[in-house]
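Trainee: the sequence and its predicted three-dimensional model are supplied below.
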Amino acid sequence: MPPADERTGKQAAAQQAVDILHEIATILNCQLDRRTLSICISMIENGVNPEALASAVRELRNESVDIEQQRLAAALGGRKRQ
Amino acid sequence: MSSHSEQRINNAIDSLIAHLIPNDPREDEETAQDHHDSCFELSNASNAFRKTNRPPSSATAASDVNHASDLIRRKLMNSNPAHAQRFSNLYTRLLSLPVLNQKWAMLYLLYQLSDSTDPSDSVPYNPLPPQTLKGQAQAQAQAQAQAQAQAQQARDQQRETIRPPEKERPAKGTSSAPKRAEEEAFNEAFAPEGLRKYPPPPGKPKETATKHAPTEETQAPLKPAPPSRDVSIKNVKLADNHVRTNPSEMVLLRDLPYTLQGLSSTTLPFEKGNTLALPSTLPVPILSLLHTLAEPSLLFRQLSSWVKTPATGLLHQSLRATIDGELRSYLGLVATLEAQIRRALATVDENAPRSGIGKAGVTLKRCVVWTREATMGLRLMAVIAEESKNKMGGQLITLIHSFSSSHGDPIVGAFAERLLSQVTRPFYDILRNWIYDGELSDPYEEFFVREKPEIMIDPKATPRQGGSSVWDSKYELDSDMVPSILTHEFAEKVFLIGKSLNFIRHSCGDAAWVESYSNTAAAGKEELRYGDASGLTAWVNDAHATTQKRLMALMDTRFHVFQHLKALKDYILLGQGDFIALLMESLAANLDRPAGAQYRHTLTAQLEHAIRGSNAQYDSPEVLRRLDARMLQLSHGEIGWDCFTLEYKIDAPVDVVVTDWGNRQYLKVFNFLWRVKRVEFALSSTWRKCMTGSRGVLQGGGGEADWTWKTTRGVLAEMVHFVGQLQYYILFEVIEASWTELEMNVRREGCTLDELIGAHTKYLTDITHKGLLGARKKRGQTTQEEKEAVQIPAGEDTHSYLAQLGELLRLMLSFRDSVDGLYSWSVSDFTRRQEHDVRTTTSKAAGGRISQLQRDASRPGSALSTTTTATGGGLAGEDGSGTAAVHSEFPELQRVLKQLGITFRSKLQLLLGDLATQTDADMKFLGTAMNFNDVYQPVVRRKKTAHGHSHKTAAAAAMVVGDTTSISSSGRRGFLGWIWIWIRIRAAALFSETLLQLSGKFPGLLIAKPAVVVVVGRREGYRQGEGASLPCQEISSPAVSSAVFAAAAAAAVAAAASNVSATDTAFDEKGKEKEKGKAQITRHTTGMLLEGSRLGG
């Protein structure tokens, strides 16, 4: 029983930590959703350098934007071609 | 372990990529996989790279665990303080959680990611594709509506082309290697400018266009997407629509810091007269932005040139310094702004639209926002600088204070407050100097205390010396200069403190105390500052109390102010009765002579005599030294009485209290009182003469003469009553009452010098006002005035109490002269009658008697008989003519006396009328006291017949006092006859004895005048010594008359102890005199009795 309890306690604490961090992220206008945040947390907890992670996240965002762009361009291109 | 964590990281990166990179439906499996891989590699590489460096970096990072949170907090502080507060709460909660080990790292990550742009909105800010299409922008904008409609179609088409590869995707998840060639293109596409190579994607659909059948069903779910994209497209369009300006915003931004510092630049040159030229090529929005930015620039320029102008006045200088400081901090702001701009310009991409300024974070608009608050400050300072031109010192502070206290804008208020604390520094320095040392160190006359200009005091104040000029005319309080940060009472107090210190130092010669005071006071105190109002007030109150206490102590102990005031009251206001009586008695003879014959040494000698002979000798020499008798400015034809004055000299610091004006008032009161006293003195001596005479020479003058004497005595009694009441009123009701009030005011705890001066001034005003010296009749009583105007056609002056009283006193003196004339007539009449009697007896007797007398006369030793003979001869010779002269004199005297009596009465009634309408209770009381039994009819003028009637009743009423003796003597003669005879015989015997002794000692005294000492047996047959009239001139009358009185009293007591009536008479007399409330006369009576008993014994 105790280990199970501990586990649920830990989970609750982790949940709380994510909540808090999410709130901070909102204040700071980080544009991170909960899922991304928890991934980041787990990476950080595993010893990833935060600076590196930040730059990675930013790059990934750029990627996604590019893709979005591409899609848009494709849409426009498609129309033009017609 | 490490491999395990590596594994987990890799998983995490995987999921992160999957989460962040949306599944692009149009990508086929392979490309997606490639993409994914590349991303993975990218991030992994960077992570790996970082990881290798990790030990050192984590070491540095771990050293400041709080660093991240600090960074965040600071950042939030700048942008939004409310968020900062919230963050602090969250942070503490986070710290308390046990689960996370790398909290700081997490925070740091968040910090790094902060202020990311919203991915959904990021499209317009990533304008690479539109850039390439820029040329077609216009066409696109026009075709936008079409595009909207067609986009759907196009996408559908495209989706068809993409769909097939999508199906392969799950398989691709395992193998990522194939299609390297295409990956090239993709890499290219992800490069920053890669999308310029736009063609391939369009080309791709073309190739795959044929197979688009099976994707029809996916259209529906994707449909909702386009509307949200719509906004982005619009934004893109807006960005595209922006006109390239000349000069561009970048150039403007680059020049902005210079402009803000007031320096000309090529694009924004300053012109003459505080104008800034804006390039005309700019569009209106930019121009309006520049307008806003021009304001601080111009204000700064203006202020910085104003600061450099020379200032007169410490406060102006400090204001300039303060504003200079504010400008410096403004420059600091400009410097940060410039740094921002520089950084932004360095990172900016020249090719981006609007030069990519939007992304760099510094735009003209932002600059406007950043300089906004500074502009407010500059604006306020410019207003202050402008308005301060005509203000000086305190007014300047008032000006700034009005901004801080009565401006609704809290920012303005706070700013002005900040300015104020700096600007007021020199003011507080002056204040400090003033209340610590009592010295005014104010080179520019900015303080609210200032030295009075010399010109003002010059003409009048030259005779004044020392104290009063320091106290009253050296400094003055300029209420215009009192800044509004201090209340007026406070300023008064401050003024008083400094003035007192100054006065103590310079006039009281107690600089040592001032030194020690300023040292001790300054030691414990902080520097005076603005904003510490309560402390300042407390301190000033403290200082006020201390200095005033010291000042009063000095005035009291060292300069004996109170003693001097008391002395003034005693000597100048006739408080010291015995001294004044003695002085008057000893001076009387002297003062009857004309003013020109008065000599100072005589006066001082008599003064000295009066001092030595009275209780004044026990007064302190300090006081007596100052007492001086002198004559006023001589004017022709006046006698000594009018000019004599007593003076009390006041010197340096005390003359602050007893000013010149005060001295004049004292002198005025003294002169008045002295006149009243003199009249009283004259009246009482005449009265005494009458009383003594009534027992002798005045008796039996016949019906008319007796009646005249009776009425005369009546009027005389009225006058005595009047003078007595007047004197009583002034001395007791006015002076003593005011004195008590003064003492009460002054002896109170914490009385200041100003209060003392005020109380003393009030004291003097009260005395002169209530003492009928200054009070004018009220204008309101028109009816009475009109009536009087008919009768007395004279100026306002005749209506003043002083003039009325002067008139009354003059009347009394002339009345007294007439009474004296009547007396001498009676005496001569009496003598004539006696002579007549003598002649008849001698004619009856044989000539032997005459021969006997003649034989006596031949002997030279018998002075008495010689005199008698001479007189007898003289009378005998002049019998006819003498009788005629006497008879012609009597009706005239009668007439004059009657006239004077009537005039006196009417004047007195006028005075009473005036008094009755007075508002002052005390003065009303005087009227009541003078007329307590309604003898007089005040206000209304009466006819002479009515006068006569009331005159009689008045005489009857007023005679209570004076006529006692005559009434009693005449009324009781019947049954007290024998006793009176005996008494008079004894008295006459005693008197003649005394007379003979005196004549033996001073023969000249008696020989000088023809002595009418005739031994005649009259009705009672006793010898009457007719000395009463005779020695009055030579020996002081009280001595003689008291001898007569006392002889009578002593004889009565001695011989008729069993006879109650006789003693009754004596006591009756005494008692009734007491009733008059006249201390003087009472004193006289008792004195007489004592003296008499001494003589008699």
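Mentor: Cool, got the structure.

Trainee: for B:G575, what are phi and psi?
Mentor: phi -70, psi -30 (degrees, to the nearest 10).

Trainee: look up the closest residue to B:S586, ignoring the ones flanking it.
Mentor: Leaving aside its sequence neighbours, B:S586 sits nearest to B:Q606 (Cβ to Cβ, 6 or more residues apart in numbering or on different chains; 4.8 Å). All C-beta spots, glycine's among them, are computed from the backbone N, C-alpha and C.

Trainee: touching, that neighbour and B:E585? I think so.
Mentor: No. Checked against Cβ atoms under 8 Å, the pair B:Q606 and B:E585 is beyond contact range at 9.6 Å.

Trainee: out of the two, which sits in the more crowded spot?
Mentor: More crowded of B:Q606 and B:E585, by other Cβ atoms under 10 Å in any protein chain shown: B:Q606, with 22 against 18.

Trainee: for that one, give its distance to B:F644.
Mentor: Separation of B:Q606 from B:F644 (Cβ to Cβ, to the nearest Å) stands at 10 Å.

Trainee: shared neighbours of those two, anything?
Mentor: Common contacts of B:Q606 and B:F644 (Cβ atoms under 8 Å, 6 or more residues apart in numbering or on different chains): B:L587, B:A629.

Trainee: got the contact list for the residue nearest the centre of chain A?
Mentor: Residue closest to the average C-alpha location in chain A (Cα atoms, centre = their mean): A:T36, at 2.0 Å. Neighbour list for A:T36: A:V57, B:L16, B:H19, B:L20 [criterion: Cβ under 8 Å, 6+ apart].

Trainee: nearest to B:S404 among these?
Mentor: In terms of Cβ to Cβ, no member of the contacts of A:T36 lies closer to B:S404 than A:V57, at 50.2 Å.

Trainee: go ahead and confirm the closest one touches A:L37.
Mentor: No. A:V57 lies out of contact with A:L37 (Cβ under 8 Å); the separation is 10.4 Å.

Trainee: of those two, which one has the most company?
Mentor: Between A:V57 and A:L37, counting by other Cβ under 10 Å, A:V57 is the more crowded of the two (24 against 21).

Trainee: give me the mean pLDDT for the helix ranked longest in chain A.
Mentor: When chain A is scanned for its longest helix (criterion: DSSP state H), the result is helix A:50-81. For helix A:50-81, mean pLDDT is 78.

Trainee: just stretch B:500-514 next, same as before
Mentor: The model assigns stretch B:500-514 a mean pLDDT of 80.

Trainee: what comes up buried for it?
Mentor: Within stretch B:500-514, the residues scored as buried using 16 or more other Cβ atoms under 10 Å in any protein chain shown are B:S500, B:L501, B:N502, B:F503, B:I504, B:R505, B:H506, B:S507, B:C508, B:D510, B:W513, B:V514.

Trainee: I'd guessed the second one sits against B:N433; true?
Mentor: Translated: B:L501. No. Using Cβ under 8 Å, B:L501 is not in contact with B:N433; the gap is 10.5 Å.

Trainee: rewinding a little: distance between the longest helix of chain A and the chain's centre?
Mentor: Helix A:50-81 sits 16 Å away from the centroid of its parent chain (Cα atoms, centre = their mean, to the nearest Å).

Trainee: quick one: is it near chain B?
Mentor: Yes. Judged by Cβ under 8 Å from any Cβ of the partner chain, helix A:50-81 comes into contact with chain B through A:50-61, A:63-81.

Trainee: pull out the buried members of those.
Mentor: Neighbour counting over the residues of helix A:50-81 next to chain B (16+ other Cβ under 10 Å) leaves A:50-57, A:59-61, A:63-80 as the buried ones.

Trainee: could you look up the SS state of B:P98?
Mentor: B:P98 falls in the coil class when you classify it by DSSP: H, G, I helix; E, B strand; the rest coil.

Trainee: what's the burial count for it?
Mentor: B:P98 has 10 nearby residues by other Cβ under 10 Å.

Trainee: so what's it closest to, chain neighbours aside?
Mentor: A:A13 (6.2 Å).

Trainee: what residues are up against that neighbour?
Mentor: Counting by Cβ under 8 Å, 6+ apart, A:A13 has contacts B:L97, B:P98, B:V99.

Trainee: and which of those residues is nearest B:S826?
Mentor: B:L97 (132.0 Å).

Trainee: the closest one touches A:V18, doesn't it?
Mentor: No. Using Cβ under 8 Å as the test, B:L97 is too far from A:V18 to be in contact (10.1 Å).

Trainee: looking at those two, which one has more neighbours?
Mentor: Neighbour count, other Cβ under 10 Å: between B:L97 and A:V18, A:V18 has more, with 18 against 14.
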